[in-house]
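**Student:** Return atomic coordinates for the entry below.
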Amino acid sequence: MGYGAPLASASRYETLGAATGVGTPVTSGASINTFGATITLGTTSFDYDGIFITTASTGNNVSLVDIIVNNGGSDQVIVTTVPVPHNAGGAFIQGSSGLIPVRIPAGAIVRAKMQSTTASATADVMVTGFQGNNDISLGFRGLACCTDITSGAPTNGVTMSSTTQTPWAQIQASTPNRIAGLYWSYDVRGTTGGASLVLLQVGWGPSGSEKLLFTTGFTFASVPVLQGPYPCDLPAGTRLAARMQASGTVTQTVSILLHGLIA
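**Tutor:** Next up is the predicted model:
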């Protein structure tokens, strides 16, 4: 039957940071879990209603990238701690996010910086901006980290118990902002889990009284990238948690990372 109208008519795209290969190299600090230099990816030539982020790395380390905008004043972080895909085999791994509906004005400089659990780690980064017509909803102010971070990595993990569902594990004790939509991703903490399907549930509320927000799933051996957004309306100060259940014998500890859209 088809659609009665275009999904996003008169849309256009622009990619910043594209280079030979995947993108512009961004390096973490000379000490572990510290940010390296802020690298310029380019300048926007029109207003963005949203962006896609592509990152790639050969390292087996937890690396987190911030996307920064400067619109003639000071640098403002609009997307925090996006995970860089990696695996224990050390092969070159690339991942792209879904649409992140954050707004960036024309003429703004877009930059990136990275921290990692490995000193002087390098990842390639590029940002693709999107603009729709007047029918599209305006973008959000930013994408905030909704994961507690310690020493550059997620504080808590979920220890798999094969086909038995795990208890709820805290992902963030208290969200700093009101959240309009959640993205999720995961990190296998440097191990290979083998092929298994995993049922993931994300919830909110005090410990022992968690309420289920949404259920999704992933293939344990796949490359982790941002998935979402899952629309919601959670006030600042919300506790977030997750639990998992595998289809096979999986006992590794997995980190779940959550990011939230802020108005």
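
**Student:** Any stretches of the stretch 151-263 of the chain with poor pLDDT?
**Tutor:** 189-195, 221-224 (pLDDT under 70).

**Student:** Roughly how far does Gly36 sit from Ala123?
**Tutor:** Using C-beta to C-beta, to the nearest Å, we find Gly36 at a distance of 10 Å from Ala123. Every C-beta, even on glycine, is put in place using the N, C-alpha and C of the backbone.

**Student:** same check, this time on Thr238
**Tutor:** Thr238 is 30 Å from Ala123, by C-beta to C-beta.

**Student:** and the two? which has more neighbours close in?
**Tutor:** Ala123 (28 against 21; other C-beta atoms under 10 Å).

**Student:** what helix or strand is that one on?
**Tutor:** Ala123 is part of strand 122-131 when elements are defined by DSSP states H and E.

**Student:** Toward the C-terminus, what is the element adjacent to that strand?
**Tutor:** strand 142-145.

**Student:** so how far is that following strand off the chain centroid?
**Tutor:** 9 Å (C-alpha atoms, centre = their mean, to the nearest Å).

**Student:** Over to stretch 172-182?
**Tutor:** The answer for stretch 172-182 is 14 Å, by C-alpha atoms, centre = their mean.

**Student:** what do you get for stretch 110-119?
**Tutor:** 14 Å.

**Student:** Please apply the same query to stretch 181-190.
**Tutor:** That offset, for stretch 181-190, works out to 7 Å (C-alpha atoms, centre = their mean).

**Student:** Please identify the buried residues of that stretch?
**Tutor:** Residues 181-189 are the ones in stretch 181-190 that count as buried (16 or more other C-beta atoms under 10 Å).

**Student:** and the strand holding Ala123, average pLDDT?
**Tutor:** Mean pLDDT, strand 122-131: 91.

**Student:** if I look at the closest residue to Gly152 other than its chain neighbours, how far off is Leu64?
**Tutor:** Nearest residue to Gly152, sequence neighbours excluded (C-beta to C-beta, 6 or more residues apart in numbering): Asn33, at 3.3 Å. Between Asn33 and Leu64 the distance is 9 Å, computed by C-beta to C-beta.

**Student:** so what's in contact with those two at the same time?
**Tutor:** Between them, Asn33 and Leu64 share these contacting residues under C-beta atoms under 8 Å, 6 or more residues apart in numbering: 115-116, 152.

**Student:** Now which of these would you call buried?
**Tutor:** Neighbour counting with 16+ other C-beta under 10 Å marks 115-116, 152 as buried within those.

**Student:** and which of those is nearest to Thr54?
**Tutor:** Ser116 (17.6 Å; C-beta to C-beta).

**Student:** quick one, what contacts Asp124?
**Tutor:** 19, 21-26, 54-57.

**Student:** at 6 Å what do you get?
**Tutor:** 22-23, 25, 56 (C-beta atoms under 6 Å, 6 or more residues apart in numbering).

**Student:** Mind listing the residues bridging to it?
**Tutor:** Pro25, Ala56 (DSSP bridges).

**Student:** same deal with the one 4 residues further on?
**Tutor:** When assigned by DSSP bridges, Thr128 has beta-bridge partners Thr15, Phe52.
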